[in-house]
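*Asks:* fold the stuff below for me.
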Amino acid sequence: MKAFRPTFDRAWRDIGAAPANADVFDRLAAAYAEPHRKYHSTQHLQECLQLLDSVREQAIRPHEVELALWFHDAIYDVKRSDNEERSAAWARTELEKSGVPTPALERVVDLVLVTRHTGQPNSEDQQLLVDIDLSILGAPQARFAEYESQIRAEYAFVPGWLFRRKRKAILRSFLDRSRIFGTAHFYVGLEQRARVNLAAAVA
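*Replies:* Prediction:
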């Protein structure tokens, strides 16, 4: 993760955060490296950050999107259903302590919360962030298969029959959407492959 330190520091500075609390990078990096994480890990974060770099010009406030990516899975406990809320609370705490202006702080918190994928994004940056987070659905076949294996490993404590039923419902919910990706960039680039991946997994 050291390779991403310069861009993190830039985002931290551009949002108006005080440098005295910059040790948050080390704590976030340690969180994503927790051993129980198989998919929601350093690999996922790196893939998201690399994707953001490739579409940075599409973001209205790229520094806010970048910080939201860092925080969106900062807390991940497979036996809880409020990980995004707790991750957003961590983001709020760190940004408040660092003197970030309230409007920017609230936008970052909302960006983290939109990764619950339970509602429609309300801004261009939210849509971009959601598409980046969901980009794994349109990954090449081998990476998508690895992703599915990683998710199963995270839920290894769940009986196979129950996992398959729950997982099928989740994947079907994405497949049933009129569009999986909201931005033109991701829709053109990943929509078709995502539907092929999801259909195969559901079947």
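
*Asks:* got a list of contacts for stretch 139-152?
*Replies:* For stretch 139-152, contacts defined as CB atoms under 8 Å, 6 or more residues apart in numbering pick out 38-39, 41, 136-137, 163, 167, 193, 197, 201. Backbone N, C-alpha and C define where each C-beta goes, glycine included.

*Asks:* which ones are touching Trp70?
*Replies:* Trp70 neighbours (CB under 8 Å, 6+ apart): 8, 28, 45.

*Asks:* excluding covalently adjacent residues, which one is nearest to Leu69?
*Replies:* Cys48 (4.9 Å; CB to CB, 6 or more residues apart in numbering).

*Asks:* ok, then the element right after the helix or strand Ser173 falls within?
*Replies:* Per DSSP states H and E, Ser173 falls inside helix 160-175. Counting by DSSP H and E, the element after helix 160-175 in chain order, helix or strand, is helix 184-202.

*Asks:* check which residues of that following helix are buried.
*Replies:* The neighbour-count check on helix 184-202 (16 or more other CB atoms under 10 Å) flags 186-187, 189-190, 194-195, 197-198, 201 as buried.

*Asks:* ok, back up a step: mind saving the C-alpha coords of the helix holding Ser173 as CSV?
*Replies:* The C-alpha trace of helix 160-175 is given here as CSV (Å, rounded to 0.1, in the frame of the first residue of the first chain):
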residue,chain,number,x,y,z
GLY,A,160,-22.9,-24.4,1.8
TRP,A,161,-26.6,-24.7,1.1
LEU,A,162,-27.4,-21.5,2.9
PHE,A,163,-24.5,-19.6,1.4
ARG,A,164,-25.6,-20.6,-2.1
ARG,A,165,-29.2,-19.5,-1.6
LYS,A,166,-28.2,-16.2,-0.1
ARG,A,167,-25.5,-15.6,-2.7
LYS,A,168,-27.8,-16.4,-5.6
ALA,A,169,-30.3,-13.8,-4.3
ILE,A,170,-27.7,-11.1,-4.1
LEU,A,171,-26.2,-11.8,-7.5
ARG,A,172,-29.7,-12.0,-9.0
SER,A,173,-30.6,-8.6,-7.6
PHE,A,174,-27.8,-7.1,-9.6
LEU,A,175,-28.7,-9.0,-12.7
